[in-house]
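> the following block contains a protein sequence and its predicted model.
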Amino acid sequence: MMIDMLSFDLDGTLVDTAGEITLAVNRTLADFDRAPRSQPEIEKLIGNGAHALMRRLLRRLDADGELDVARVLAGFDRHYEDTAGTLGQPYADCRDTLQSLRDAGVKLACVTNKEWRHARRVLEANGLAEYFELVIGGDTLPRKKPDASVLRHVLSAFGVNPAHAAHVGDSETDLAAARNAGVAAWAVPWGYNAGRPIAAAVPERLFQSLPEIAQLVRALHAASAFSS
């Protein structure tokens, strides 16, 4: 099996962004005289995009509907423009892994449910943007992960057969997106996934480090070359 294309989730897969997201959330809540929330609570809401996170949080904090949701979302956008890319840290060996995959001829995409402008800022701030030929945000296409159309769009853009592609993420949403599009569903265990262990969702591969991904891909390439 050759892997010609890999797509990666962003938050909780390549970069730990929970701190900067929590900071933006709490600055927004302060604007509306609401108490701050803990980072562990916010981590459990990460995965479907910033606006989805805020809407879910508001359903908990504003059951009476006193707040103007549009104003809250606009406020969050302003604050996240300031915090995105400021506190996040790439996970260990992230850049080296992406470089190794590129050197092996693998086409790389970042596919996240985070709004595109925020995703781009995080990638650039952490020195990762240069590795990706394509970045898909949650607002890039009519639908977002786990809809099959998202990864199918990436496959079409690269001209890659699903049998030669994989998606790497930290959540059940990522695994569902991969399976819906017919690509290999790979996972890492250090992300968010609403606080649930991703192993319980039975990914096809569960990597304990990012370099393991490049090692596997290179081994698959070598085996394919030998057999041919």
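Alright, I've got the coordinates.

> domain-wise, how is the chain divided?
For the chain, automatic domain parsing gives the domain ranges 5-16+90-227, 18-83.

> state the mean pLDDT of the shortest one.
Rounded to a whole number, the mean pLDDT of domain 18-83 is 93.

> got the domains of the chain as TSV, with mean neighbour count columns?
C-beta coordinates here come from the backbone N, C-alpha and C atoms, glycine included. What follows is the domains of the chain, written out as TSV (neighbours: other CB atoms under 10 Å):
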stretch	mean neighbour count
domain 5-16+90-227	19
domain 18-83	17
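
> show me where the protein has strands.
Under the criterion DSSP state E, strands of the chain are mapped to 5-8, 15-16, 89-90, 107-111, 134-136, 165-169, 184-187, 205-206.

> could you export those as TSV, including distance to Ile198?
Output for the strands of the chain, formatted as TSV (distance: least, CB to CB, whole Å):
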stretch	distance to Ile198
strand 5-8	15
strand 15-16	15
strand 89-90	19
strand 107-111	17
strand 134-136	21
strand 165-169	8
strand 184-187	5
strand 205-206	7
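
> closest to Arg56 out of the ones you listed?
Evaluated over those, closeness to Arg56 peaks at strand 165-169, with 19.1 Å, by CB to CB.

> partner strands of that closest one, parallel or antiparallel?
strand 5-8 (parallel), strand 184-187 (parallel) (DSSP bridges).

> Ala52: which of these is closest?
Closest approach to Ala52 among the strands paired with strand 165-169 is made by strand 5-8 (19.8 Å; CB to CB).

> any idea of the mean pLDDT for that closest one?
99.

> and stretch 145-164, by the same measure?
For stretch 145-164, the mean pLDDT works out to 98.

> now swap in stretch 172-181 and tell me
99.

> still on that earlier bit, any chance of the strands paired with strand 165-169 in a markdown table, with distance to Met54 too?
Formatted as a markdown table, the strands paired with strand 165-169 follow (distance: least, CB to CB, whole Å):
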| stretch | distance to Met54 |
| --- | --- |
| strand 5-8 | 24 |
| strand 184-187 | 26 |
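
> can you map out the helices along the chain?
Remark: helices assigned in the chain by DSSP state H are 18-31, 39-43, 50-61, 69-83, 94-103, 116-125, 148-158, 172-181, 211-227.

> could I get those helices as JSON lines with distance to Phe8?
As requested, the helices of the chain are arranged in JSON lines below (distance: least, CB to CB, whole Å):
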{"stretch": "helix 18-31", "distance to Phe8": "17"}
{"stretch": "helix 39-43", "distance to Phe8": "19"}
{"stretch": "helix 50-61", "distance to Phe8": "18"}
{"stretch": "helix 69-83", "distance to Phe8": "21"}
{"stretch": "helix 94-103", "distance to Phe8": "8"}
{"stretch": "helix 116-125", "distance to Phe8": "10"}
{"stretch": "helix 148-158", "distance to Phe8": "11"}
{"stretch": "helix 172-181", "distance to Phe8": "9"}
{"stretch": "helix 211-227", "distance to Phe8": "9"}
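
> wait, which of the ones you listed is closest to Ile3?
helix 211-227 (4.8 Å).

> tell me what angle the closest one forms with strand 165-169.
170 degrees (axes from the mean of the first three to the mean of the last three CA atoms, to 10 degrees).
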